[in-house]
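S.K.: Pasting the sequence and the predicted coordinates here, then a few questions.
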Amino acid sequence: MIYVAEVIVDVPSMQTDNAYSYLIPDSLGDEVKVGMRVEVPFGKGNRHVQGFVLGTHYYQSLAELDNHDMKEIVSVLDLAPVLNDEMLALADEMAKSTFAFKITCLQTMLPSVMRASYEKFLVKKSELPADIELQLFAGRHEVNWDEAVASDFFPRLMGLRQKESIDVRYEVKKRNRSKVIQGFQGKLGVEEYHEAQKGLRKGSTQKENLLLFLQDSPADKVWSIKEVEEEFGISRNTVKAGEKSGWLEIVEIELQRDPYADRIFEADYHKQLNDEQQSAFNQITASMASESHDTFLLQGVTGSGKTEVYLQVIAEALEQGQSAIMLVPEISLTPQTVNRFKRRFGDEVAVLHSGLSTGEKYDEWRKIERKEARVVVGARSAIFAPLENLGVIVIDEEHESSYKQDESPRYHARDLAQWRAEKHQCPVVLGSATPCLESRARAQKGVYQWLQLNQRAVSAAQLPSVSVVDLRVEAAKGQMQSFSETLLTKIQDRLDKNEQSVLMLNRRGYSSFVMCRDCGFVLPCQNCDISLTLHMDSKKMKCHYCGHEEGIPNVCPSCNGHKIRYFGTGTQKVEEELKELFPEARILRMDVDTTRRKGAHEKLLEQFGNHEADILLGTQMIAKGLDFPEVTLVGVLNADTALNLPDFRSAEKTFQLLTQVSGRAGRAEKAGEVVIQTFNPDHYAIQYAQEQNYEGFYKREMVTRHQGNYPPFFYTVQIVASHEDENMAAKKMYQIVLELQKVLSPNSIILGPTPKTVARVNNRYFYQVVLKYKQEPALNEALRKILNDSQLDIRQGLKITIDVEPQQFI
DNA sequence: AGCACGCCGACT
DNA sequence: GTCGGCGTGCTC
């Protein structure tokens, strides 16, 4: 019998995006199973790569094989499959719908530690020239490839390789090592131990102790050697001797790193649902019972108790012996959220988020795989949790753009959730106070079941009063600062009353830059078509696109003038202003700079929650999911920076952000107040946000979308080509447009080609085309063809990305 | 991706 | 005449 495995190899390229057949050597016989990772030789030279087994089959004889010379699988990297059939099928679907390589999809589904790392070595085979021997090998049998490349000997080493004095060795390294400790397990029955005891030599007290211990311990019980040594005084050596006598077996015990092990979670019980919550709960659970796969849009204002509905729906799934996935945006995976789930579901919860170390993530994943956790709470990638028998998938804050991955595979967690829901015959619940237009429109059309929560669950809580300050008027009054008089008065008032304020600086598409007041010169990045941003903490000018850094100029490089000043408003600058205005106030700043370190985000929030500061100043990140009862004032310093971006979603994003941040004010008994500073007080996004009127905004925005032929009326696809040579990128996009014009129906719209807003990043030029269409059955195939036909250009340094339903158009 | 094969310019 | 450039093809 000849066993063959179909393997997708870890070479992400168009040409290798298919399975290769490998012989399964007899030695690995029944170890190789579908869904496992294997190490296989691939290509010339001794190169080894990681691969995923997608299928196995066997042949009676070599004659049956039409494939002539297959190579053999080198080794198996897993004891059990790491991807089940559902996940393999999902990877296939993802590759198809997002135009990604299969291998990239497979890797994305697993914790990052399971991605192999490769190392290359030069191995000495016979006597080497003295200088190489002495200075490079220095007595070692082999040296790392990188070390050899860095040395002066490299060209000569390649010559020696030709003469076979040196060989190259490849290593595929497994990184998913579970933490293990030594343990042992009894092998014999009570009677046999009794017999063994009789046969002992007089004075063998240690061994006798061990035998007595084994007799008393339950069969199959695995003991930790260390614990037994400490608690029962049976030494490590005695256990080893016991193994020699065949009484017991030494085994490895896989240790769990539980990031929440040292915390105690107070149990939390179901709260009484109000009528609306109850109705939502009933409809979702009815869908669960009916084994259909409905999508629900649970739309509820801040404080309406969406989370309690999620929790009870998930509890119901568990009750039915099923499992559940709860997706939340990364930024709101704060201890507040996690605690709530831990308190309700205890050890049944596995948490997956970027705050965990790679080892911890792996352990949480293993916990799910071993079916020890039936509830998974996590960010986007938690949609790949290998749960079986799913009862419900919840996506909280469904409008968040972080549910779409902005690199390949460009999947949207919502789409994959719906795919999985169909497989498991279970509902998907999308929750939000401000649903994205697409979802809200689908609810309107009855594609989604629409559930509304209009009452605030906590009866005492009132909606905050929102006032809008016209910055144009403020500017006319004279010296322009970041704060209007209205806002300053209110901040002072909170300080006097010892209440807290949250101030948000909307930095999207805007930041502080340096400009010469004489000639208007703005310092640009040398690699990108964008101005450099001032970073006061490091006293450097930085490019946010490519990371380039340089010093802050004192003199204008263009006119040699000395009036070079910063413009725009960064959080650092506002913080300084605040300190000057309110010297007595304790201020916390929260932005990318102060939250870069692991856990810094949580720590800042905790400090603020403990009222160790009066003012929290931050960027968008403060808008999401924090709940501080002492906060009675929320100020938005510049509401409209995002409004002017060339993106059809800018009004929606602005409305959502303002509504969300407003919800941070006055969540307890104290009434909250919100001040929005803006240059566009008449813009509908600002006005509806002031009224906290989602429905009004939805209706108005739908008109704009309809007029502009944008989603939800049209689907969109973005195609981007980039190249070091601007002409190459532009030429390719024109060529693509010609191709598309041949296949697209006249109802579809092609925008472009145009250079991207930032046309040059890292010395590459970017050109894009946006497609808008209602129905194009042949589009997928046409795009595939474009990718396939572009292989020559890709070789010449062209990069093409296809983004289906892009979230960002700039 | 990464490696070998192959066919044209500046060197021993 | 050869070393080495990078265009092209292929990887079970």
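M.R.: On my side now, so go ahead.

S.K.: Does A:Asn46 belong to a helix, a strand or coil?
M.R.: coil (DSSP: H, G, I helix; E, B strand; the rest coil).

S.K.: since we're on it, how many residues are nearby?
M.R.: 11 (other CB atoms under 10 Å). Quick note: C-beta positions are derived from backbone N, CA and C, even for glycine.

S.K.: next one: A:Arg472
M.R.: Neighbours of A:Arg472 (other CB under 10 Å): 11.

S.K.: you'd agree it is up against A:Phe679?
M.R.: Yes. If you go by CB atoms under 8 Å, A:Arg472 and A:Phe679 touch, sitting 5.8 Å apart.

S.K.: Might you list the low-confidence residue ranges for the stretch 451-600 of chain A?
M.R.: Low-confidence segments of the stretch 451-600 of chain A (pLDDT under 70): A:457-462, A:478-480, A:507-513, A:528-529, A:536-537, A:545-546, A:566-569.

S.K.: Kindly recompute the last result at 50.
M.R.: A:508-510 (pLDDT under 50).

S.K.: tell me the SS of the closest residue to DNA strand C within it?
M.R.: Residue nearest to DNA strand C within the stretch 451-600 of chain A: A:Asn527 (21.8 Å; CB to the nearest atom of the strand). Classification of A:Asn527 by three-state DSSP places it in coil.

S.K.: wait, what's in contact with it?
M.R.: Neighbouring residues of A:Asn527 by CB atoms under 8 Å, 6 or more residues apart in numbering: A:543, A:546, A:548, A:760-763.

S.K.: do the same with A:Gly391
M.R.: By CB under 8 Å, 6+ apart, the neighbours of A:Gly391 are A:288, A:314, A:316-318, A:320, A:322-324, A:424, A:426.

S.K.: same thing but at 7 Å, please
M.R.: A:288, A:317, A:320, A:322-324, A:426 (CB atoms under 7 Å, 6 or more residues apart in numbering).

S.K.: ok, the nearest residue to A:Ile686 once chain neighbours are set aside to A:Tyr684 distance?
M.R.: Nearest residue to A:Ile686 in three dimensions, chain neighbours excluded: A:Thr678, at 5.5 Å (CB to CB, 6 or more residues apart in numbering). Remark: distance between A:Thr678 and A:Tyr684 (CB to CB, to the nearest Å) = 12 Å.

S.K.: same question, A:Gly520
M.R.: 33 Å.

S.K.: out of these two, which sits in the more crowded spot?
M.R.: Per other CB under 10 Å, whichever of A:Gly520 and A:Tyr684 has more neighbours is A:Tyr684, with 16 against 10.

S.K.: okay, now the residue nearest to A:Ile686: neighbour count?
M.R.: 26.

S.K.: How are the helices of the stretch 551-700 of chain A distributed by residue range?
M.R.: A:571-581, A:600-609, A:650-662, A:684-691, A:694-708 (DSSP state H, counting those that start in this stretch).

S.K.: what residues are up against the closest residue in space to A:Thr571 that isn't next to it in sequence?
M.R.: Of all residues not flanking A:Thr571 in the chain, A:Asp591 sits nearest, at 4.5 Å (CB to CB, 6+ apart). Counting by CB under 7 Å, 6+ apart, A:Asp591 makes contact with A:571, A:618-619.

S.K.: Among the residues you listed, which one sits closest to DNA strand B?
M.R.: Looking across these and measuring by CB to the nearest atom of the strand, the closest to DNA strand B is A:Thr619, at 35.1 Å.

S.K.: ok, that closest one touching A:Val502?
M.R.: No. Using CB atoms under 7 Å, A:Thr619 makes no contact with A:Val502, being 11.7 Å away.

S.K.: Counting neighbours, go ahead and name the busier of the two.
M.R.: Looking at A:Thr619 and A:Val502 with other CB under 10 Å, you find the greater number of neighbours at A:Val502, namely 25 against 20.

S.K.: Excluding covalently adjacent residues, which one is nearest to A:Ser402?
M.R.: Nearest to A:Ser402 is A:Pro329, by CB to CB, 6+ apart, at 5.0 Å.

S.K.: actually A:Leu532, not the one I wrote
M.R.: That would be A:Met541: by CB to CB, 6+ apart, it lies 3.9 Å from A:Leu532.

S.K.: who does that neighbour bridge with?
M.R.: A:Leu534, A:Glu550 (DSSP bridges).

S.K.: Tell me, how many residues neighbour it?
M.R.: 20.

S.K.: any idea which of the helices of the stretch 551-700 of chain A is most buried?
M.R.: Highest mean neighbour count of the helices of the stretch 551-700 of chain A: helix A:650-662, a mean of 24 (counted as mean count of other CB atoms under 10 Å).

S.K.: relative to helix A:694-708, how tilted is that one?
M.R.: 170 degrees (axes from the mean of the first three to the mean of the last three CA atoms, to 10 degrees).

S.K.: Show residues contacting helix A:650-662.
M.R.: Counting by CB under 7 Å, 6+ apart, residues outside helix A:650-662 touching it are A:399, A:433-434, A:437, A:464, A:466, A:504, A:506, A:620, A:623-624, A:634, A:636, A:639-640, A:642-643, A:674, A:676, A:685, A:688-689, A:692, A:697, A:701.

S.K.: What of stretch A:734-754?
M.R.: Contacts of stretch A:734-754 (CB under 7 Å, 6+ apart): A:709, A:719, A:730, A:733, A:767-774, A:776, A:778, A:782, A:786.

S.K.: Distance of A:Met1 relative to DNA strand C?
M.R.: 18 Å (CB to the nearest atom of the strand, to the nearest Å).

S.K.: was I right about that residue contacting A:Tyr58?
M.R.: Yes. Here A:Met1 reaches A:Tyr58: they are 5.3 Å apart, a contact under CB under 7 Å.

S.K.: Any residues of the stretch 51-200 of chain A in contact with DNA strand B? List them.
M.R.: Taking CB under 7 Å from any atom of the strand as the contact definition, the stretch 51-200 of chain A meets DNA strand B at A:Lys120.

S.K.: Which stretches in the stretch 51-200 of chain A count as strands?
M.R.: For the stretch 51-200 of chain A, applying DSSP state E, counting those that start in this stretch gives strands covering A:71-72, A:75-76, A:117-124, A:142-144, A:166-173, A:179-186.

S.K.: Out of those strands, flag the one nearest DNA strand C.
M.R.: Closest among the strands of the stretch 51-200 of chain A, using CB to the nearest atom of the strand: strand A:71-72, at 3.6 Å.

S.K.: so what secondary structure elements neighbour that closest one?
M.R.: Applying 3 or more CB pairs under 7 Å, 6 or more residues apart in numbering; DSSP states H and E, we find strand A:71-72 packed against strand A:20-23.

S.K.: What is the strand it packs on packed up against?
M.R.: Strand A:20-23 packs on strand A:2-9, strand A:71-72, going by 3+ CB pairs under 7 Å, 6+ apart.

S.K.: Single out the most deeply packed of those strands.
M.R.: Sorting the helices and strands packed on strand A:20-23 by mean neighbours (by mean count of other CB under 10 Å), the first place falls to strand A:2-9, with a mean of 21.

S.K.: any residue of that strand up close to DNA strand B?
M.R.: No. Strand A:2-9 is not in contact with DNA strand B by CB under 7 Å from any atom of the strand; minimum separation 8.7 Å.

S.K.: one step back: adding distance to A:Ala91, write the strands of the stretch 51-200 of chain A out as CSV.
M.R.: As requested, the strands of the stretch 51-200 of chain A are exported to CSV (distance: least, CB to CB, whole Å):
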stretch, distance to A:Ala91
strand A:71-72, 24
strand A:75-76, 20
strand A:117-124, 21
strand A:142-144, 33
strand A:166-173, 20
strand A:179-186, 28
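
S.K.: Is there a neighbour count for A:His194? I'd like the number.
M.R.: For A:His194, using other CB under 10 Å, the count is 14.

S.K.: Helix, strand, or coil at the spatially closest residue to it that is not a sequence neighbour?
M.R.: Of all residues not flanking A:His194 in the chain, A:Gln215 sits nearest, at 7.0 Å (CB to CB, 6+ apart). Put simply, A:Gln215 is helix when judged by three-state DSSP.
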